[in-house]
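> Predicted model and sequence follow; I will ask about them next.
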Amino acid sequence: MGGPVPLGYEVDNCKLVFNDKETDLVRHIYQRYLELNSVVELADELNRQGHRTKVQQRTSGPHKGGCIFRRGTLYHLLSNRIYLGEIAHKGEYFAGEHLPIVSTDLWEAVQEKLKTNASGTSRRLKSQQPSLLVGQVFDGEGRAMTPSHATKPGKRYRYYVTRSDQLDDAPAWRVSAHDLERLVCERLSEQFSDQEFLCGLAEGSSAESIQQMLARADLAAATLRSGSATTKHGLITPMITRIDLGEEAIDLTVDRIGLAAALGLVLDPDVEKKLMVLTLPATRVRHGHQIRLVIPSQRPISIAAATRDEKLVALMAEAHQARQLILSNPGRSIAAIASDHGRCRTRLGKLVTLSCLAPDIVTAIVEGRQPAALTARTLQDIDLPLAWADQRALLGFA
């Protein structure tokens, strides 16, 4: 067989044979797509769990593959008839000599789901409203919950519901995805604003390190309040171990090591009390055959917070994250790092430049003391000088 070898197979004597470890992953991908109902959410889950695309061993030139799963990669995998035991020739498919990995029933169910979700509106809505907590939410019976949605004229409602394969005699649970995600982001933002907690986390660090940590905490809090779904997801995932819905509250289990890493701190992996639980208010309500969890309405934003340009603060947070990404990959070009992480090379380079803003300018932005003319858009359009004095003069801080 010529060409790339599909995930799930390997070549033996010019024939495709099973790669047992990979065949399990292929079947898992097909099944989870039916449960998640979203290629975007499936890609997020696979990447978070550490799965990567197949490495293509080549006799000449560098090997390819071993990358994160992207939407296009998964669409191709989910619609590839080779997994039915068929082979393509001149645009037609014929029975191959290799064994199928997925059953006909599973294949047809996935194709029907792909067809149903093929509308442009559906894709746009899912990309604009991704589920931030996939794989982390559990109902009051300890059963995993999965994203779901309902569409009414002109509006799409997102939920987390008890997974159908885990239903038993107890009623299914359901919670508004928007409300739960807002409450989680709000509670984590409060934790990043608790200086007593943060200083305890950084116990033994130098004064300079603590000051840098507090600045990162401000940026992280701003990201959780008003950042994009992508940046929120990247910040939340390493910190949250699980979210348990209860009768009158929600328990948010947070990994201190993951939280510290977001602040540039390194904790001993064997530290005592590695996990901490944050309790959030909620009320259980029976609704027909389901249990609904009602979350209190959002608390009013303080006047001090309302004076800040949250888009500008979120841009600073994104720039800091870009800088950390570059620093964690020494010796690699921005183009290579962007390719590996599915990022735009041009934007990643711009964000790295913005991460070189003078510390006092960043502090002023976080505190809402920047000139009125300075917005996220204008800052991105400016050719930023490296000298801090020149930055202050150009941006109106001198």
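Structure's in. What do you need?
> ok, then the element right after the helix or strand bottoming out on mean pLDDT in the chain?
Taking mean pLDDT, DSSP states H and E as the measure, the helix or strand of the chain with the lowest value is helix 303-306, at a mean of 37. Downstream of helix 303-306, the next assigned helix or strand under DSSP states H and E is helix 310-327.
> Please enumerate the strands of the protein.
9-12, 15-18, 86-89, 92-95, 137-138, 145-152, 155-162, 172-176, 240-245, 249-255, 275-281, 283-287, 290-294 (DSSP state E).
> Now render those as a markdown table, adding distance to V102.
C-beta coordinates here come from the backbone N, C-alpha and C atoms, glycine included. Formatted as a markdown table, these follow (distance: least, C-beta to C-beta, whole Å):
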| stretch | distance to V102 |
| --- | --- |
| strand 9-12 | 13 |
| strand 15-18 | 12 |
| strand 86-89 | 11 |
| strand 92-95 | 15 |
| strand 137-138 | 28 |
| strand 145-152 | 20 |
| strand 155-162 | 25 |
| strand 172-176 | 27 |
| strand 240-245 | 30 |
| strand 249-255 | 35 |
| strand 275-281 | 38 |
| strand 283-287 | 36 |
| strand 290-294 | 31 |
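> out of these, nearest to S38?
Closest approach to S38 among the strands of the chain (C-beta to C-beta): strand 145-152, 7.0 Å.
> Strand partners (parallel or antiparallel) of the closest one?
Paired with strand 145-152 in the same sheet, following DSSP bridges, are strand 155-162 (antiparallel).
> which residues touch the partner strand?
125, 129, 131, 133, 137, 139, 141, 143-151, 172-178, 180, 290 (C-beta atoms under 8 Å, 6 or more residues apart in numbering).
> ChimeraX command for the buried members of these?
Of those, the buried ones go into a single ChimeraX selection, burial set by 16 or more other C-beta atoms under 10 Å:
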select :125,129,131,133,137,139,141,143,144,145,146,147,148,149,172,173,174,175,176,177,180
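> one step back: just the strands of the chain: most buried one?
strand 137-138 (a mean of 24; mean count of other C-beta atoms under 10 Å).
> what separates K54 from H28, distance-wise?
Going from K54 to H28 by C-beta to C-beta, to the nearest Å gives 14 Å.
> What residues are bridge-paired with A249?
Counting by DSSP bridges, the residues bridging with A249 are P281.
> Enumerate every residue touching I240.
133, 136, 184, 252-255, 258.
> other SSEs contacting the longest helix along the chain?
Identified as the longest helix of the chain according to DSSP state H is helix 207-226. Counting contacts by 3 or more C-beta pairs under 8 Å, 6 or more residues apart in numbering; DSSP states H and E, helix 207-226 packs against helix 177-192, helix 195-201, helix 229-236, helix 310-327, helix 359-367.
> Skip the chain neighbours and tell me the closest residue to the residue nearest to the spatial centre of the chain.
For the chain, the residue nearest the mean C-alpha position is H233 (3.4 Å; C-alpha atoms, centre = their mean). Spatially, and ignoring its direct neighbours in sequence, H233 is nearest to L132 (5.2 Å; C-beta to C-beta, 6 or more residues apart in numbering).
> same check, this time on V184
L252 is the one closest to V184 (C-beta to C-beta, 6+ apart), at 6.2 Å.
> Show the contacting residues for the residue nearest to L201 when sequence neighbours are not counted.
Nearest non-adjacent residue to L201, counting by C-beta to C-beta, 6+ apart: A260, 5.8 Å away. Contact analysis of A260 by C-beta under 8 Å, 6+ apart lists 201, 266-267.
> Verify the contact between the residue nearest to H233 and E181 for me.
Yes - the pair L132 / E181 is scored as a contact, 4.9 Å apart, by C-beta atoms under 8 Å.
> Closest one of the contacts of I240 to L312?
Using C-beta to C-beta, the contacts of I240 come closest to L312 at V184, 23.6 Å.
> Please report how far that closest one lies from K274.
V184 is 20 Å from K274, by C-beta to C-beta.
> Repeat that for P171.
Taken as C-beta to C-beta, the span from P171 to K274 is 34 Å.
> again, but for A222
27 Å.
> higher neighbour count, the two?
A222 (26 against 15; other C-beta atoms under 10 Å).
> rewinding a little: between K54 and H28, tell me which one has more neighbours.
K54 (21 against 13).
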